[in-house]
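Enquirer: Only the shape, not the letters, is given here:
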């Protein structure tokens with residue numbers, strides 16, 4: 001089975017920085033897109049940033065210029081460097097791996113996976 005394990009969340013002051021990591025493990029043949037989503041209390045989960053296997057990147061407008069997503073394909077790991085954090089960035093951050101190609105009993109499958117979430121809290 002494929003697992004996504006996130007790390008790097010925590011409590012930081014307004015203007016501070018954090019770096020999130022998410023490592024995918026298991027019998028993975030390839031991963032198409034990887035990304036980060038977040039969900040604040042009482043709000044819907046929203047896309048923060050995504051990166052394709054070829055390096056194409058997309059950010060939500062509210063984090064442009066402050067957050068940087070990167071990826072190590074050899075390690076099946078995605079990172080999110082978050083700078084100039086604001087209280088409105090407070091949320092549970094979830095890692096996503098899209099179109100993860102695996103082989104199960106000789107059959108090739110593509111599935112989407114989520115991490116368990118990591119809390120990011122920015123104090124004012």
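Expert: The structure has been received and is ready for your questions. Quick caveat, the model's predicted, so the values are computed rather than measured. Residues are numbered from 1 along each chain as shown.
Enquirer: gap between the closest residue to residue 32 other than its chain neighbours and residue 112?
Expert: Taking Cβ to Cβ, 6 or more residues apart in numbering, and ignoring the residues beside it in sequence, residue 32 has residue 99 as its nearest neighbour in space, at 3.6 Å. For the C-beta atoms, the positions are set from N, CA and C on the backbone; glycine is no exception. Computed with Cβ to Cβ, to the nearest Å, the distance linking residue 99 and residue 112 is 7 Å.
Enquirer: which residues of this protein fall in strands?
Expert: For the chain, applying DSSP state E gives strands covering 3-7, 10-13, 18-25, 28-39, 46-51, 57-59, 67-72, 77-82, 91-104, 107-114, 118-123.
Enquirer: mind putting those strands in a markdown table, mean pLDDT included?
Expert: Rendered in a markdown table, the data for the strands of the chain read as follows (pLDDT from 0 to 100):
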| stretch | mean pLDDT |
| --- | --- |
| strand 3-7 | 96 |
| strand 10-13 | 98 |
| strand 18-25 | 97 |
| strand 28-39 | 96 |
| strand 46-51 | 98 |
| strand 57-59 | 98 |
| strand 67-72 | 98 |
| strand 77-82 | 98 |
| strand 91-104 | 95 |
| strand 107-114 | 94 |
| strand 118-123 | 98 |
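Enquirer: Most tightly packed of these?
Expert: Burial among these, expressed as mean neighbours by mean count of other Cβ atoms under 10 Å, is greatest for strand 77-82, which shows a mean of 22.
Enquirer: hang on, the earlier thing: check contacts around the residue nearest to residue 32.
Expert: Counting by Cβ atoms under 8 Å, 6 or more residues apart in numbering, residue 99 touches 31-33, 110-112.
Enquirer: I'd like to know which of these is nearest to residue 16.
Expert: Ranked by distance to residue 16 (Cβ to Cβ), the contacts of residue 99 are led by residue 33 at 28.2 Å.
Enquirer: that older thread, state the pair within the contacts of residue 99 that is farthest apart.
Expert: The most widely separated members of the contacts of residue 99 are 33 and 111, with 12.7 Å between them, by Cβ to Cβ.
Enquirer: Do you know the pLDDT at residue 105?
Expert: In this model, residue 105 is scored at 89, pLDDT.
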